[in-house]
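> the amino acid sequence is not available; the structure is as follows:
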């Protein structure tokens, strides 16, 4: 039997001459995250006044407005009886989903990346609901959202992830894949954001790490300034230099 609704979260029993039951806060077929509170009200439509109003949640007595915090499928049944013996009943089936959590152990905050620097993203996601599919995700700045790892929760064991990124040519790379899609500007904060989602619509809070990048560093000479002393002929001094980014450079002597 179908009951009319007067809004998305409220059901009203319609039988003429019997008690009218109104349930609010929960709706049929909806999954709620972490907790929800249902309220109910019964009014007599036949004029004989109410004798009793009883509610059960999964077969256990339930008080209107009590927070429902345990996960899983729920059935709320509200029954009203008037003094003439007429009985009205209203049932709502819904679900409580516990949201996943995220733990980010690497990278450290406020790193500075130079050419060839590794940028390790490591941690784990967890979900207390057995059977939920949990996916850890990340993004650089406001770029494309990418998956770190997915797995089916057993309710207790975290699902680990490890991603080794590398900064080179002004960009962050996962192997041959450019994870941001454009050059990362110098002298500004960039952000790595990591979070977890489950397949029941739940999501963890976001964890953010800031970092900066250096495009170009000066060449490095394998010697140092020194006094050559007195000499009668032009001296011969051997030295070499390297450029951290592999750029072409020139020597100047004075």
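Structure's in. What do you need? The structure displayed is predicted, hence computed values, not measured ones.
> all contacts plus neighbour counts: C-alpha atoms, from now on.
Will do.
> what's the mean pLDDT across stretch 47-62?
Per-residue pLDDT values over stretch 47-62 give a mean of 93.
> swap that for stretch 176-185, sorry
96.
> can you offset everything so residue one is 31?
Sure, I'll start counting at 31 from here, so that last one is stretch 206-215.
> what's next to it, contact-wise?
169-170, 173-174, 200-203, 220, 243 (CA atoms under 8 Å, 6 or more residues apart in numbering).
> just among those, which is most surrounded?
Neighbour tally across those (other CA atoms under 10 Å): the maximum, 26 neighbours, falls on residue 202.
> that one reaches residue 194, doesn't it?
No. Between residue 202 and residue 194 there is no contact under CA atoms under 8 Å: 10.1 Å.
> quick one on the thing from earlier: filter the contacts of stretch 206-215 down to the ones in strands?
Among the contacts of stretch 206-215, the members falling in strands (DSSP state E) are 169-170, 201-203, 220, 243.
> how about the residues you listed in a markdown table, adding pLDDT and distance to residue 189?
Putting these into a markdown table (pLDDT from 0 to 100; distance: CA to CA, whole Å) gives the following:
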| residue | pLDDT | distance to residue 189 |
| --- | --- | --- |
| 169 | 98 | 19 |
| 170 | 98 | 22 |
| 201 | 97 | 28 |
| 202 | 98 | 24 |
| 203 | 98 | 23 |
| 220 | 98 | 27 |
| 243 | 97 | 30 |
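> quick check: pLDDT value at residue 263.
Per-residue confidence (pLDDT) for residue 263: 66.
> one more: residue 69?
Residue 69 is given a pLDDT of 97.
> phi first, then psi, for the spatially most central residue of the chain.
Within the chain, one residue has its C-alpha closest to the average C-alpha position: by CA atoms, centre = their mean, that is residue 225, at 3.1 Å. With angles defined as degrees, to the nearest 10, residue 225 shows backbone torsions of phi -160, psi 170.
> can you pull the contacts of it?
Contacts of residue 225 by CA under 8 Å, 6+ apart are 131-132, 166-168, 233-237.
> quick check: bridge partners of it?
Counting by DSSP bridges, residue 225 is bridged to residue 167.
> quick check: it vs residue 171, distance?
Separation of residue 225 from residue 171 (CA to CA, to the nearest Å): 14 Å.
> skipping adjacent residues, who's closest to residue 64 in space?
Nearest residue to residue 64 in three dimensions, chain neighbours excluded: residue 128, at 4.6 Å (CA to CA, 6 or more residues apart in numbering).
> and residue 238, how many neighbours does it have?
By other CA under 10 Å, the residues close to residue 238 number 19.
> same question, residue 123
When neighbours are counted by other CA under 10 Å, residue 123 registers 17.
> so it, which of the three states?
Three-state assignment for residue 123 (DSSP: H, G, I helix; E, B strand; the rest coil): strand.
> got the contact list for it?
Neighbours of residue 123 in contact, by CA under 8 Å, 6+ apart: 57-60, 103-106.
> now the buried members of those.
Among those, those classed as buried by 16 or more other CA atoms under 10 Å are 57-58, 104, 106.
> give me the subset of those residues that lies in strands.
Using DSSP E, the buried ones among the contacts of residue 123 in strands are 104, 106.
> of all the buried ones among the contacts of residue 123, which two lie farthest apart?
Using CA to CA, the two most remote members of the buried ones among the contacts of residue 123 are 57 and 104, lying 11.0 Å apart.
> cheers, nothing more for now.
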